[in-house]
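> My questions are about this predicted structure, shown below with the sequence.
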Amino acid sequence: MYKLLRAPLRPVTYSRWLHLCVPLLLLAIWMFINPRWPWMPLLIVVPFGFVPWVRLAEGLQAQFLLTPQDRGSDDSGISTAPSVRWSDRWRTVLWLEIRLVVAGAAMFATVFLPVMSVELVATALGHPLNSDPAIPFAPPRWAAALLAPLPLVVLIVLVTLLGELITGIARRLLGPSAAERLTALEARTEQLLERTRIARELHDSIGHALTVAVVQAGAARAAKDPAFTDRALNAIEETGRAALEDLERVLLVLRESAQPPSQRPTLAEAGRLLESARASGAEVDAQLAGALEKLPGPVTREGYRILQEALTNVLRHCGPVPVRVRVEVAAGGLDLEVTNPLPERPTMTGGSGSGLRGMRERAALLGGEAETGPYEGGWRVRARLPLERIR
């Protein structure tokens, strides 16, 4: 009831009214051609329903006029894609048929009810219209004055109800098909995965840079050696610059969501990570074997991030300790292993464990696996990423 009372004040009422009146053009043209067969337009529109682009045009018109407040969003429930399957074509045909029938009802209300109001006003003024009156009875002048607004009120109510009816039918017949829903779901899933990946990259990159900066600053203060302090400042500068580059790239992806991520660091640039760890005081024994530069993009990029997170965890929780790094391109996969001893008193503790979980998630997304935990009195990160599925 409240919606009916608000209907005259809502712009969507009149946009839906316009949508109801659009098919009247076809009906009016046909009435000039052959008024004896008023049902013929129902047959004329059938072939048009099988044209794929008619569904697109009808969907756009329905979005603009029936659901203007939700235009361009998933909430409209109306598709703006051409027909692909025969089920889409048949639904379009049914939509065109129903739209003509509802338009006929709207035409009757739009023409007949205002005429009734005009006749009631004329009767109230004492000048009744004698030619083919729309009022079935002749009311007295005072009753005609009271009844004059009633047909217009009924008109608004009918237009509102017909607008709600045609909107519900449009969502049903012009709504996305099962294949379109699946495609939209896949796109939404890809978007969520991309956001998760961006958040993980920010954690890895910025976390690594801050860890290196904290460790370097603490070591320089403890060493009290100008030469070591210069090296520490240089390492902090280089690590900070690399982190800023990563941050700018991620922000660019966030600003332009349609742009795919590009120029991410790969294992071919693993030397930068190893030098950064060495500059922080860690003794890094690295073994890099195989054609790292020929690895598939997803494997080499995720492998770089796993290695980065492993080295970051070493510096964060154990400080400058000896680290063994092994990266090898083996038959059918990439093996990555980082081991380090556990000191009796770790230099830094705490954390939510999101880094270890992130490494396992990265490996699992590529069909591989990552293991983290104690190993021979120390700590080991081991990951294996398959190559066959990626190629």
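In hand now; what should we look at?

> Run through the stretch 201-350 of the chain and note the low-pLDDT ranges.
Applying pLDDT under 70 to the stretch 201-350 of the chain picks out residues 201, 246, 248-264, 344-350.

> That one: strands as residue ranges?
284-289, 323-330, 333-341 (DSSP state E, counting those that start in this stretch).

> same thing with the stretch 51-200 of the chain?
Going by DSSP E, counting those that start in this stretch, the stretch 51-200 of the chain shows no strands.

> For residue 280, list the residues it contacts.
With contact set as CB atoms under 8 Å, 6 or more residues apart in numbering, residue 280 has these partners: 212, 215-216, 219, 235, 315, 320. To be clear about C-beta, it is placed using only N, CA and C from the backbone, and glycine gets the same treatment.

> what about burial for those residues, which qualify?
In the contacts of residue 280, burial by neighbour count holds for 212, 215-216, 219, 235, 315, 320, counting by 16 or more other CB atoms under 10 Å.

> Okay, and which of those map to helices?
212, 215-216, 219, 235, 315 (DSSP state H).

> Name the residue most distant from the centre of the chain?
Here the chain reaches farthest from its C-alpha mean at residue 126, the gap being 63.9 Å by CA atoms, centre = their mean.

> Hmm, residue 140 and that one touching each other?
No. With contact defined as CB atoms under 8 Å, residue 126 does not count as touching residue 140 (10.9 Å).

> quick one: what helix or strand has residue 361 in it?
helix 354-365 (DSSP states H and E).

> Out of the strands of the stretch 201-350 of the chain, which is closest to residue 31?
strand 333-341 (74.4 Å; CB to CB).

> tell me the domain ranges of the protein?
For the chain, automatic domain parsing gives the domain ranges 2-176, 182-386.

> contacts for the helix holding residue 361?
With CB under 8 Å, 6+ apart as the test, helix 354-365 has contacts from 200, 203-204, 207, 302, 305-306, 309-310, 312-313, 369-370, 372, 381, 383-385.

> Restricted to helices, list these.
Among the contacts of helix 354-365, the residues falling in helices (DSSP H) are 200, 203-204, 207, 302, 305-306, 309-310, 312-313.

> Look at the residue nearest the centre of the chain and report its pLDDT.
The centroid of the chain falls nearest to residue 188 when counting by CA atoms, centre = their mean (4.6 Å). Confidence at residue 188, expressed as pLDDT, is 72.

> quick one: which of the ones in helices among the contacts of helix 354-365 is nearest residue 228?
Nearest member of those to residue 228, counting by CB to CB, is residue 312, at 21.5 Å.
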